[in-house]
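Asks: Okay, structure incoming, though there's no sequence with it:
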């Protein structure tokens, strides 16, 4: 059955006194649209079928099939009976979903809009951090290559990510270019360079030792990087070097 609705027929005549003072521009069209929508919704039966799931977003790692599988338990019902909030929560539980919005869309669809997580770093064993420093655990083989290796106790994700952002760019391109950074349960920081050197910062913020790393350390070691195993920066006014050869160790002040 076709239903033709004349918007003008839904709006009663407006007395002259209501037109003084002048109503804001756009008021009458808005009233008309609201009245039309209310009338149309009233014509939809309570058991109107749910016929479509619309999934929108730009995905690199997330698959539409995963979204549909998470939403499936909530689709075998009518348009009005579908638990949209529970569906949203189920989709939000997928590892690569950062944010999700779900809403009914007349006449028989639920639209799901998803913002995918952007990976920033590896986190401990098997997890990742996104660019907002939230940890999540993707399936095996889904982690991108080339990410920094960060680690720490639960609740310290943001602290470690911020420390990495402060120190890593300053060492890029140098013999001490970083591969990873970690904060252990005792509150002590350590880092690993791309060449396999361990940097020990103790409980000092890693970036506080940047002047020493870019200055005295590099001048002292100069061309002997292939022999360095550990650089210990826990000293107040200096550092110690552990060499790969068992017989030697040196200290710089």
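Replies: Noted; the coordinates are in hand. Not measured: the values here are computed from a predicted model. Residues are numbered from 1 along each chain as shown.
Asks: Report the contact partners of residue 189.
Replies: The contact partners of residue 189, by Cβ atoms under 8 Å, 6 or more residues apart in numbering, come to 163, 181-183, 200-206. No exception for glycine: its C-beta is placed from N, CA and C like everyone else's.
Asks: beta partners for it?
Replies: residue 183, residue 202 (DSSP bridges).
Asks: any idea how far it lies from residue 234?
Replies: The gap separating residue 189 from residue 234 is 10 Å, by Cβ to Cβ, to the nearest Å.
Asks: Now do the shared contacts for those two.
Replies: 200-202, 204.
Asks: If any of the contacts of residue 189 are buried, give me the ChimeraX selection for them.
Replies: Buried residues within those, by 16 or more other Cβ atoms under 10 Å, are selected in ChimeraX with:
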select :163,181,182,183,200,201,206
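Asks: Kindly indicate which of the contacts of residue 189 lies nearest residue 240.
Replies: Nearest to residue 240 among those: residue 200, at 9.0 Å, using Cβ to Cβ.
Asks: Would you verify that that closest one is located in a strand?
Replies: Yes: applying DSSP: H, G, I helix; E, B strand; the rest coil, one finds residue 200 inside a strand.
Asks: Confirm for me that it is in contact with residue 239.
Replies: No: the criterion here is Cβ atoms under 8 Å, and residue 200 misses it with residue 239 at 9.2 Å.
Asks: anything in contact with each of the two?
Replies: Common neighbours of residue 200 and residue 239, counting by Cβ under 8 Å, 6+ apart, are 231-233.
Asks: I'd like those laid out as TSV, including pLDDT, distance to residue 153 and secondary structure.
Replies: Listed next are those as TSV, based on pLDDT from 0 to 100; distance: Cβ to Cβ, whole Å; DSSP: H, G, I helix; E, B strand; the rest coil:
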residue	pLDDT	distance to residue 153	secondary structure
231	97	24	strand
232	98	23	strand
233	97	22	coil
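Asks: nearest to residue 110, of those?
Replies: Distance to residue 110 across the shared contacts of residue 200 and residue 239 (Cβ to Cβ) is lowest for residue 233, with 55.3 Å.
Asks: residue contacts, that closest one?
Replies: Counting by Cβ under 8 Å, 6+ apart, residue 233 has contacts 199-202, 204, 209, 212-213, 239.
Asks: Tabulate these in TSV, adding columns for distance to residue 110 and pLDDT.
Replies: Shown next, in TSV, are the contacts of residue 233 (distance: Cβ to Cβ, whole Å; pLDDT from 0 to 100):
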residue	distance to residue 110	pLDDT
199	51	98
200	54	98
201	50	97
202	54	97
204	52	89
209	53	95
212	58	95
213	54	96
239	60	96
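Asks: So of those, which two are at opposite extremes in space?
Replies: 202 and 213 (13.9 Å).
Asks: looking at the protein, which helix or strand does the model trust least?
Replies: Lowest mean confidence among the helices and strands of the chain (mean pLDDT, DSSP states H and E): helix 7-10, at a mean of 29.
Asks: before we move on, back to that, now render the shared contacts of residue 200 and residue 239 as CSV, adding distance to residue 127.
Replies: Shown next, in CSV, are the shared contacts of residue 200 and residue 239 (distance: Cβ to Cβ, whole Å):
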residue, distance to residue 127
231, 28
232, 29
233, 28
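Asks: Tell me where the stretch 51-200 of the chain has helices.
Replies: In the stretch 51-200 of the chain, the segments counted as helices under DSSP state H, counting those that start in this stretch are 64-71, 84-92, 157-171.
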